[in-house]
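**Student:** structure of the sequence below:
(chains A and B)
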Amino acid sequence: QQPVQSPQAVILREGEDAVINCSSSKALYSVHWYRQKHGEAPVFLMILLKGGEQKGHEKISASFNEKKQQSSLYLTASQLSYSGTYFCGTPTGMDTGRRALTFGSGTRLQVQP
Amino acid sequence: DTGVSQDPRHKITKRGQNVTFRCDPISEHNRLYWYRQTLGQGPEFLTYFQNEAQLEKSRLLSDRFSAERPKGSFSTLEIQRTEQGDSAMYLCASSSGRLNQPQHFGDGTRLSIL
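**Tutor:** From the prediction side, this is the model:
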């Protein structure tokens, strides 16, 4: 089943913060985060693992709440380059890292000067 | 380190024609995935391979779709008797197959059905 992302879209000014949520109706073993710019391939950001710690990438970090079956992506002091669509993906099975991913419908982020 | 390569980048064809796309994964990656993406949606899983073995196919993959990875390196995705609904971006990704490793995507092949 497809994870649910919120919000669907967000507009920020440079330097502002944002949170993107990804929730699932089934048990999560890992969550994969990607960013896709228009006309380009999705680019890997990070993987959150069940029982793992919060991960970070530049000023982008994420958390994984197993009980709530939810992951959140935190963008701090946003830059123009952060604009794009953010997708979370969850493995189709327990064999995390080896299975295909089911992606949410994405959160469109636009950072303005 | 070359990334995932897909060919062609764009394909325009008439309804009813057959099309074939090629994907060259990152060289040391033994897992290869095909996804389809339509406007405003996330990638949808179609099928994936470990080496030359096709391990899983989505229910989205109708009988008109077939994928191969004959030597465990590059892969092809063929769509027979194309329909309007096949218009989409077809993405290929690869991974090392070890636990908790990311999938790296190619730039995709955009298919337009006239």
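
**Student:** please name the bridge partners of the closest residue to chain B within chain A.
**Tutor:** Here chain A gets closest to chain B at one residue, A:Phe103, 3.1 Å apart by CB to the nearest CB. C-beta here means a position set from N, CA and C on the backbone, and glycine is covered the same way. Beta-bridge partners of A:Phe103, counted by DSSP bridges, are A:Gly89.

**Student:** tell me how many other residues crowd it.
**Tutor:** 24 (other CB atoms under 10 Å in any protein chain shown).

**Student:** tell me which residues touch it, please.
**Tutor:** A:Phe103 makes contact with A:2-3, A:34, A:87-89, B:42-44, according to CB atoms under 8 Å, 6 or more residues apart in numbering or on different chains.

**Student:** and residue 10, what pLDDT?
**Tutor:** Using chain A here. A:Val10 carries a pLDDT value of 97.

**Student:** was after chain B, sorry
**Tutor:** 97.

**Student:** out of the contacts of A:Phe103, who's nearest B:Leu99?
**Tutor:** A:Gly89 (15.8 Å; CB to CB).

**Student:** contacts only, for that closest one.
**Tutor:** Counting by CB under 8 Å, 6+ apart, the residues that A:Gly89 touches are A:3, A:31-34, A:101-104, B:42-43.

**Student:** of all the residues you listed, which two lie farthest apart?
**Tutor:** Going by CB to CB, the pair spanning the contacts of A:Gly89 furthest: A:Val31 and B:Pro43, at 15.0 Å.

**Student:** which residues of chain B lie near chain A?
**Tutor:** Contact residues (CB under 8 Å from any CB of the partner chain) of chain B with chain A: B:4, B:31, B:33, B:35, B:40-45, B:48, B:50, B:56, B:58, B:91, B:95, B:97-108.

**Student:** pull the CA atoms of stretch B:76-90 into PDB?
**Tutor:** The C-alpha trace of stretch B:76-90 is given here as PDB (Å, rounded to 0.1, in the frame of the first residue of the first chain):
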ATOM      1  CA  THR B  76      15.400  -4.100 -21.700                       C
ATOM      2  CA  LEU B  77      11.800  -3.300 -21.200                       C
ATOM      3  CA  GLU B  78       9.400  -4.000 -24.100                       C
ATOM      4  CA  ILE B  79       5.900  -2.800 -24.500                       C
ATOM      5  CA  GLN B  80       3.800  -4.400 -27.200                       C
ATOM      6  CA  ARG B  81       0.800  -2.900 -28.900                       C
ATOM      7  CA  THR B  82       1.200   0.400 -27.000                       C
ATOM      8  CA  GLU B  83      -1.900   2.200 -25.700                       C
ATOM      9  CA  GLN B  84      -2.500   5.800 -24.800                       C
ATOM     10  CA  GLY B  85      -2.300   4.900 -21.100                       C
ATOM     11  CA  ASP B  86       1.300   3.700 -21.500                       C
ATOM     12  CA  SER B  87       2.400   7.300 -21.900                       C
ATOM     13  CA  ALA B  88       4.700   7.900 -18.900                       C
ATOM     14  CA  MET B  89       8.300   8.200 -17.800                       C
ATOM     15  CA  TYR B  90       9.900   4.800 -17.400                       C
END
